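1. fold the following.
(7 chains)
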Amino acid sequence: MQPMNAQMGGYDRAITVFSPDGRLYQVEYAREAVKRGTTAVGIKCSDGIVLIVDKRISSKLLEQTSIEKIFMIDEHIAVASSGLVGDARALVDRARVESQINRVTYNESIDIETLSKKLCDHMQTLTQYGGARPYGTALLIAGISEDTPRLFETDPSGTLLEYKATAIGTGRPAVMKVFEEEYDESMTIQNAIPMGLKALHAATEGRFDVNNVEMGVVKLENQLFEKMTKEDVKIYVDEFEASIASSEEETEE
Amino acid sequence: MQPMNAQMGGYDRAITVFSPDGRLYQVEYAREAVKRGTTAVGIKCSDGIVLIVDKRISSKLLEQTSIEKIFMIDEHIAVASSGLVGDARALVDRARVESQINRVTYNESIDIETLSKKLCDHMQTLTQYGGARPYGTALLIAGISEDTPRLFETDPSGTLLEYKATAIGTGRPAVMKVFEEEYDESMTIQNAIPMGLKALHAATEGRFDVNNVEMGVVKLENQLFEKMTKEDVKIYVDEFEASIASSEEETEE
Amino acid sequence: MQPMNAQMGGYDRAITVFSPDGRLYQVEYAREAVKRGTTAVGIKCSDGIVLIVDKRISSKLLEQTSIEKIFMIDEHIAVASSGLVGDARALVDRARVESQINRVTYNESIDIETLSKKLCDHMQTLTQYGGARPYGTALLIAGISEDTPRLFETDPSGTLLEYKATAIGTGRPAVMKVFEEEYDESMTIQNAIPMGLKALHAATEGRFDVNNVEMGVVKLENQLFEKMTKEDVKIYVDEFEASIASSEEETEE
Amino acid sequence: MQPMNAQMGGYDRAITVFSPDGRLYQVEYAREAVKRGTTAVGIKCSDGIVLIVDKRISSKLLEQTSIEKIFMIDEHIAVASSGLVGDARALVDRARVESQINRVTYNESIDIETLSKKLCDHMQTLTQYGGARPYGTALLIAGISEDTPRLFETDPSGTLLEYKATAIGTGRPAVMKVFEEEYDESMTIQNAIPMGLKALHAATEGRFDVNNVEMGVVKLENQLFEKMTKEDVKIYVDEFEASIASSEEETEE
Amino acid sequence: MQPMNAQMGGYDRAITVFSPDGRLYQVEYAREAVKRGTTAVGIKCSDGIVLIVDKRISSKLLEQTSIEKIFMIDEHIAVASSGLVGDARALVDRARVESQINRVTYNESIDIETLSKKLCDHMQTLTQYGGARPYGTALLIAGISEDTPRLFETDPSGTLLEYKATAIGTGRPAVMKVFEEEYDESMTIQNAIPMGLKALHAATEGRFDVNNVEMGVVKLENQLFEKMTKEDVKIYVDEFEASIASSEEETEE
Amino acid sequence: MQPMNAQMGGYDRAITVFSPDGRLYQVEYAREAVKRGTTAVGIKCSDGIVLIVDKRISSKLLEQTSIEKIFMIDEHIAVASSGLVGDARALVDRARVESQINRVTYNESIDIETLSKKLCDHMQTLTQYGGARPYGTALLIAGISEDTPRLFETDPSGTLLEYKATAIGTGRPAVMKVFEEEYDESMTIQNAIPMGLKALHAATEGRFDVNNVEMGVVKLENQLFEKMTKEDVKIYVDEFEASIASSEEETEE
Amino acid sequence: MQPMNAQMGGYDRAITVFSPDGRLYQVEYAREAVKRGTTAVGIKCSDGIVLIVDKRISSKLLEQTSIEKIFMIDEHIAVASSGLVGDARALVDRARVESQINRVTYNESIDIETLSKKLCDHMQTLTQYGGARPYGTALLIAGISEDTPRLFETDPSGTLLEYKATAIGTGRPAVMKVFEEEYDESMTIQNAIPMGLKALHAATEGRFDVNNVEMGVVKLENQLFEKMTKEDVKIYVDEFEASIASSEEETEE
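-> Numbers count the residues shown, from 1 in each chain, chains lettered A, B, ... in the order given. The predicted model follows:
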């Protein structure tokens, strides 16, 4: 690591210092914390929006519910996170407060884009002013605003992008490869979940465990976020595994 | 240590600096303080929850009661700590105040998860903003909320996990090995205590002293935390030692 | 990079330190962040003003609308940005607030030069006082004030310049070469857009994609900013590509 | 010392930095200041509590009363200190103020444990937040609360321990050896003082001077702290020296 | 540069540090920023005062009016600047506000010397207190107070000097040579402008462009600052160039 | 000095850093500033208290009164200082304000010990909190409280000691040697002054000048501080010199 | 300079750090700034007080009046300065404000010693608290208080000394040599001025220019400060030069 450090010439020690080529190394290092995180995917569908996370629970003594990677922000918005767990919780708290402030002030639910920008503005601040570090976490912000499913991705620099389907965390490259081949804007939630599971499966290189999968949807019809029960998750996972098995059989034939 | 320092490239001197691979070394070093601490275990049972700590009191001139590792937070919540003693006390104070605020504000006892998150939010802050260091302590937060035993573990990063049975401090690996083999969700407090003692015994490599053992339970029936008297502790420890003796005999046979 | 660092003698680590030759390296490094940004052009015309940006969207899963490089500030002013995305958003927010304050305080729309100076004053502050870094972003500020089209360019030092036609970002040198040869103050919006596209095309070395082009105009007649629809953009791009094709044919003949 | 410094890898320069093995070197260095201090002992007895200090006054021009090592905090509590003199006075002031606040607020004398924890909470703060150093002093806090003699020892980390008999300062190891052999919980003040003098004598390797000895007791019967007069001290010291002489005679025989 | 740095011994990194010979290197480095700036001249005349600047505009796409080097502060005071553009604007803003405060508070125009001292007091502060850098700009402050033309020059240290004729920026040495030979206190504005142009011409080594020349006068008769129109500037420049041509002819003869 | 620095391992650069052996080097260095100061002595007598200072005035152009080393704090308290002159004045100002506050608040003169502790508390603060340096000065605080002469000595660490007779500054070792041999608690002011002069004379190795001697007494009978006039000083000095001469004669014989 | 730096061991970088021998190098370096300043002399006379400064004006284009080295503070007090020009102005401003506050609060003119101490208290603060540097300037404060001429000299440490005759700046050693030989307390202003000119002449090694001499007196009779007109200065200078010429003649003879 020493050589890398020497290469960086010390420009990577503080958020208030640009490198000679105009980069902020501390922001890039914060992105590394995200890249080491669990894989979370989000898919926009014609009838709503889906979030799926592979939680990677190592110990059976851990309560699975306590590793929460999908958080309800408001009744129409949910967030999936990857990266530093404590940082994610801090951002989720902030998102919930912003949503409640909007309800109290304007008597209506917050627009997803407005909320996402507010969160990113805060994250940007931590990349420009000293005395703190950037957030080591990325979020997928999903929900329905104005009868349209929206899916935003944030990163530690405070950049905000809207995707049709995307992923954060370790498995991102593998997931994006699947999505780029198979995603179709006319997909329904019913079609999107198997694609999401396939992508996660590809990202985890076969180490796929139904107990670790967390899923949530916001349906267009009722515009309410619902976290799936373990039973519902199991149905999708079983179906998916059956399909793999059969496709492998086919391949073997 | 100098070589290690060289390896770290100096990214480990401040909480406001990420390393090139997205890690916060100061948080990891704070975890080392926990790993050097006394071993504390927590076990969720069908009829309540148990906390046991091995206090390692070296001098007979020390009042055993003054090395307190299990603290009542509210009548339904207790905490076991490991790591820096002063830091633990600061967190315990904070937990007690939060509990009282809840009682005064809402006229009801605080939910354990809510309390745990508040503590972790505070701990996370000390991993993001400069001018201070993270807490060098971990907590097991145990109690009954909504007629359910809950057991949370915090760490210096502000991460919060819920366990069925877990341990913090020096003996964690040895304890977890025992729990992974023997823990059963249907266990009662009566069964759990011997298992906890066995695990602690394994962790201390036979240097087990009844005077150093601190135990507390929150029973589902009355939802009140009770610290065991030395006499009660002795009964369990004697029983446990008798069982070892007989099993060793068996082994020798 | 180490040698460069050695050359700089460490004068480049803080905004509060001049180098021996009176330079502020951190400001110059912030300019590098701009030079790595997307190319944006602005052209003043006899009948209004044009902004065109080449957004370089890599993934088809990204919603094109979410990479916004041209922002409406007020009904008569728009801004195109290049450099750090989060920084640009922070400046755009500030510009919008300043415009609204002007409307509320004086009951009239803000003068473009006044607004531009206010933004640059803020940027200058971040080059003189410690504890933060300069903005890693440049803006083209375009609009109509007092029946005259105006086009300002800011840079991270807080310098403000007014141009007849200019560009920011990676492609600036290539764009400026085209503008210096072809720009004419009597140009109308109709003539300016093909010239702008030609310049952007030159800057991107042929990797030109209609989907990535964002265009906006403020016309003198109504003094209102309008972002072009994708359909309108397509008409101009198709026309431009047809002209290239024919000119290449001519060249080949 | 340079090599030690190199070994420490620079983790020992600030209270806000953990070493890779989870230690706070600045706290450990503060403990060294205590280890260089005068020796103070405290002994819990069946009928009260005793504090004895060996003041080591070098110059006969110094007023012995001005080297005060035993301080009355409240009528039922006294403190003996070792380490940096100015730091000790600052802590003693704080203790006195806390005691008075308790009297004014609750109209009763402060509980010794409550007071001790308040002091340690303050000391802990100086081990976690930057811009200051930890206290280079340790205290023995002695007194009667709820009709029970209590004896607490603080250290620079803010750790609080209750002892039956203990010592701080240079002579601690020698004193503790005597106490571990001879201390008995049923001791009265009458028995404890000779033991304390013997221990101090052992710690000072025979360089024992009656003028330098400061003694104070809180008796259970009246629960009031009394500093012994020089005359009373002399009686005990003379008795002690006589006993040594006779025992040496015995040994010589 | 490394050797220079070594020579400076690191005393040049902060405004709060004197070098062993009592110098403030950061102030001297700020002066270097001024020395790299455009050349501005000021000349006191019997009937008023003249400011002339050579703006060095490189690109024809730049609006010449946007590179402003002479600023009206109040109706009787103008300022010419050299050095960092953003810093100059910040000082000009401050000067304008001070002038308006004076008008509002005392109902009369501000005295030039008072204004100049206020600006220099502010500049001095930035050379004594940390957390910021000195201004990298110098000003010529010109105007009429009490029926007398005044001409002040500021520098980054906050030093204030009054001149009969002076210059700031790159061309200062060349300009001062001309002024020292030719300046005469009885000069009128009519005589002073050709001398100023000659001096600027000497400073720019023949690379003289009428379009880049900015001129302003405050006449004693009306005590109002007037910026010359391009047409008026052209008359003086043409006349000057004719005179050179003829003098060169003479030289050639 | 470089080797010493290397030996110190850099622990000596800030007041907030302990060295590995628990020392605060910056406090010790501040004591060096005192050791380089003028010599001041204080002597407690049966009928009052005496302060004498050797001012070492080099230039005859200096007004002797302007080198003030003995300051009246209140009518019954005076202070003699050694070390940094500006620091001493700051402490004297603080002492005077404290005394006046006491008069205004309690309508009585301040107790000397109370005042001395207040000053030392303030000095201690500057040895624990960063952003400043300790005071480079020591004080002798002399006066009458409760019909008893008191003599306190402060040092940069905030330590407070009461002496029968003591000295601060360069000549301390030589003075203390004289005092240890000759001081007697029953001394009157009349006896003490010659002893003090003898001690000072020893400390200055014969370079004794009546013009440089400053003397003050607080007599028990009126409890008022009086600075001696030059004439009175001369009487004592002449007498002292006569006694030396005669004793030398005796020695020579 | 590097070796010097090495010798200093880095103790010279901050005002909050003592060197191992108890020195504050930054204060000493600030004194170097004074030593590089213009020479100013002050002389106390039986009938008032005189200040004379040699201004060293290099360029004839500079207005001599703008290099002001003698400043009126109040009608009875003036100040001569040497060292950093901006720092001097800041101190002069502070002195004037203090004088006005005194007039407004107590309805009488400020005592010179009180004023001088207030300024020195402020200067001392900048030698003890970080975040700023000491003033790089010295002042001679001259005037009449209580019908007595007073002459104070300040230095960057905040030390205050009263002199009969003194000097600050480059020429101090040469001036003091003259004063030590020739000064006489019974001198009148008429005698003192020639002596002051002779001393300044000695300090400037013959490079003496009447235009650069600034003189001011406060006469006992009216207690008002008066700056001499150039004409009056010329009379004294001419007289002085005549006397030199004649004495040189004498010498030559």
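2. what pairs with the longest strand belonging to chain A, parallel or antiparallel?
-> The single longest strand within chain A, with elements called by DSSP state E, is strand A:137-145. Strand pairing for strand A:137-145, determined by DSSP bridges: strand A:77-83 (antiparallel), strand A:148-154 (antiparallel).
3. which one of these is the most hemmed in?
-> Mean neighbours per residue, mean count of other CB atoms under 10 Å in any protein chain shown, is largest over the strands paired with strand A:137-145 for strand A:77-83, with a mean of 27. Using the backbone N, CA and C atoms, a C-beta is placed for each residue, glycine as well.
4. return whatever helix or strand comes next after that strand as PDB; C-alpha atoms alone will do.
-> Downstream of strand A:77-83, the first helix or strand assigned by DSSP states H and E is helix A:85-106. Only the C-alpha atoms of helix A:85-106 are listed here, as PDB (Å, rounded to 0.1, in the frame of the first residue of the first chain):
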ATOM      1  CA  VAL A  85     -23.900   0.100   7.900                       C
ATOM      2  CA  GLY A  86     -23.900   3.000  10.300                       C
ATOM      3  CA  ASP A  87     -23.600   5.600   7.600                       C
ATOM      4  CA  ALA A  88     -26.600   4.000   5.800                       C
ATOM      5  CA  ARG A  89     -28.700   4.200   8.900                       C
ATOM      6  CA  ALA A  90     -27.800   7.900   9.300                       C
ATOM      7  CA  LEU A  91     -28.900   8.600   5.800                       C
ATOM      8  CA  VAL A  92     -32.100   6.600   6.200                       C
ATOM      9  CA  ASP A  93     -32.900   8.600   9.300                       C
ATOM     10  CA  ARG A  94     -32.300  11.800   7.400                       C
ATOM     11  CA  ALA A  95     -34.600  10.700   4.600                       C
ATOM     12  CA  ARG A  96     -37.400   9.800   7.000                       C
ATOM     13  CA  VAL A  97     -37.200  13.100   8.700                       C
ATOM     14  CA  GLU A  98     -37.200  15.000   5.400                       C
ATOM     15  CA  SER A  99     -40.300  13.000   4.300                       C
ATOM     16  CA  GLN A 100     -42.100  13.800   7.500                       C
ATOM     17  CA  ILE A 101     -41.200  17.500   7.300                       C
ATOM     18  CA  ASN A 102     -42.700  17.500   3.800                       C
ATOM     19  CA  ARG A 103     -45.900  15.900   5.100                       C
ATOM     20  CA  VAL A 104     -46.200  18.300   8.000                       C
ATOM     21  CA  THR A 105     -45.300  21.400   6.000                       C
ATOM     22  CA  TYR A 106     -47.200  20.800   2.700                       C
END
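5. and of the strands paired with strand A:137-145, who's closest to G:Lys219?
-> G:Lys219 lies closest to strand A:148-154 among these, at 76.7 Å (CB to CB).
6. which secondary structure elements does the helix or strand hosting A:Lys118 sit against?
-> Applying DSSP H and E as the criterion places A:Lys118 in helix A:112-128. Identification of packing neighbours for helix A:112-128 by 3 or more CB pairs under 8 Å, 6 or more residues apart in numbering or on different chains; DSSP states H and E yields helix A:85-106, strand A:137-145, strand A:148-154, strand A:160-162, helix C:85-106.
7. would you turn those into TSV with distance to F:Leu61?
-> Formatted as TSV, the helices and strands packed on helix A:112-128 follow (distance: least, CB to CB, whole Å):
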stretch	distance to F:Leu61
helix A:85-106	68
strand A:137-145	71
strand A:148-154	73
strand A:160-162	74
helix C:85-106	62
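8. most neighbours per residue, which of the ones you listed?
-> strand A:137-145 (a mean of 27).
9. what mean pLDDT does that strand have?
-> Computed over strand A:137-145, the mean pLDDT rounds to 97.
10. can you list the strands paired with strand A:137-145 in TSV and add mean pLDDT?
-> TSV is the format used below for these (pLDDT from 0 to 100):
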stretch	mean pLDDT
strand A:77-83	97
strand A:148-154	97
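11. how many other residues sit next to the closest residue to A:Leu224 other than its chain neighbours?
-> What sits nearest to A:Leu224 in space, not counting adjacent residues and going by CB to CB, 6 or more residues apart in numbering or on different chains, is A:Glu75, at 5.4 Å. Neighbour count for A:Glu75, taken as other CB atoms under 10 Å in any protein chain shown: 16.
12. state the distance from A:Glu75 to chain F.
-> Here A:Glu75 is placed at a distance of 50 Å from chain F (CB to the nearest CB, to the nearest Å).
13. surely that residue and A:Phe225 touch.
-> Yes. Using CB atoms under 8 Å, A:Glu75 is in contact with A:Phe225, at 6.3 Å.
14. give the burial count for the closest residue to chain D within chain A, as a bare number.
-> Distance from chain D to each residue of chain A (CB to the nearest CB) is smallest for A:Gly131, at 11.2 Å. Using other CB under 10 Å, A:Gly131 has 15 other residues around it.
15. check contacts around it.
-> Applying CB atoms under 8 Å, 6 or more residues apart in numbering or on different chains, one finds that A:Gly131 lies in contact with B:Thr16, B:Tyr129, B:Gly130, B:Gly131, C:Gly131.
16. let me know the pLDDT of it.
-> 90.
17. do you know how far it is from B:Ser157?
-> 19 Å (CB to CB, to the nearest Å).
18. swap in A:Gln26?
-> According to CB to CB, A:Gln26 stands 18 Å off from B:Ser157.
19. cool, A:Gln64 as well?
-> Applying CB to CB to A:Gln64 and B:Ser157 gives a distance of 20 Å.
20. show me where pLDDT drops low in chain A?
-> By pLDDT under 70, the low-scoring segments of chain A are A:1-9, A:206-208, A:249-253.
21. just the helices from it, written as ranges.
-> For chain A, the helices defined by DSSP state H occupy A:2-8, A:25-35, A:85-106, A:112-128, A:172-182, A:189-203, A:230-252.
22. A:Ser246: neighbour count?
-> By the measure other CB under 10 Å, the count of residues near A:Ser246 is 10.
23. mind listing the residues bridging to A:Ile144?
-> If you apply DSSP bridges, the partners that A:Ile144 bridges to are A:Pro149.
24. report the contact partners of it.
-> A:Gly48, A:Ile49, A:His76, A:Ile112, A:Arg150, A:Val218, A:Leu220, A:Gln223.
25. then A:Asp47?
-> A:Thr188, A:Ile189, A:Lys219, A:Leu220, A:Glu221.
26. repeat that for A:Thr125.
-> A:Gly158, C:Ala90.
27. for the closest residue to chain E within the stretch 151-253 of chain A, give its distance to C:Asp87.
-> As assessed by CB to the nearest CB, chain E sits closest to A:Gly158 within the stretch 151-253 of chain A, at 24.2 Å. A:Gly158 is 8 Å from C:Asp87, where distance means CB to CB.
28. shared neighbours, these two?
-> What both A:Gly158 and C:Asp87 touch, as defined by CB under 8 Å, 6+ apart, is the set A:Gln124.
29. what's near enough to touch A:Ser246?
-> Not one residue lies near A:Ser246 by CB under 8 Å, 6+ apart.
30. take the strands paired with strand A:137-145 and write them to CSV, including distance to A:Glu181.
-> Output for those, formatted as CSV (distance: least, CB to CB, whole Å):
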stretch, distance to A:Glu181
strand A:77-83, 22
strand A:148-154, 19
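31. nearest to B:Asp54, out of those strands?
-> Taking CB to CB as the criterion, B:Asp54 comes closest to strand A:77-83 out of these, the separation being 35.2 Å.
32. next one: the closest one to chain centre, how far?
-> Relative to its chain's centre, strand A:77-83 lies at 5 Å (CA atoms, centre = their mean, to the nearest Å).
33. could you tell me the angle between it and helix A:112-128?
-> Orientation check (axes from the mean of the first three to the mean of the last three CA atoms, to 10 degrees): strand A:77-83 against helix A:112-128 gives 30 degrees.
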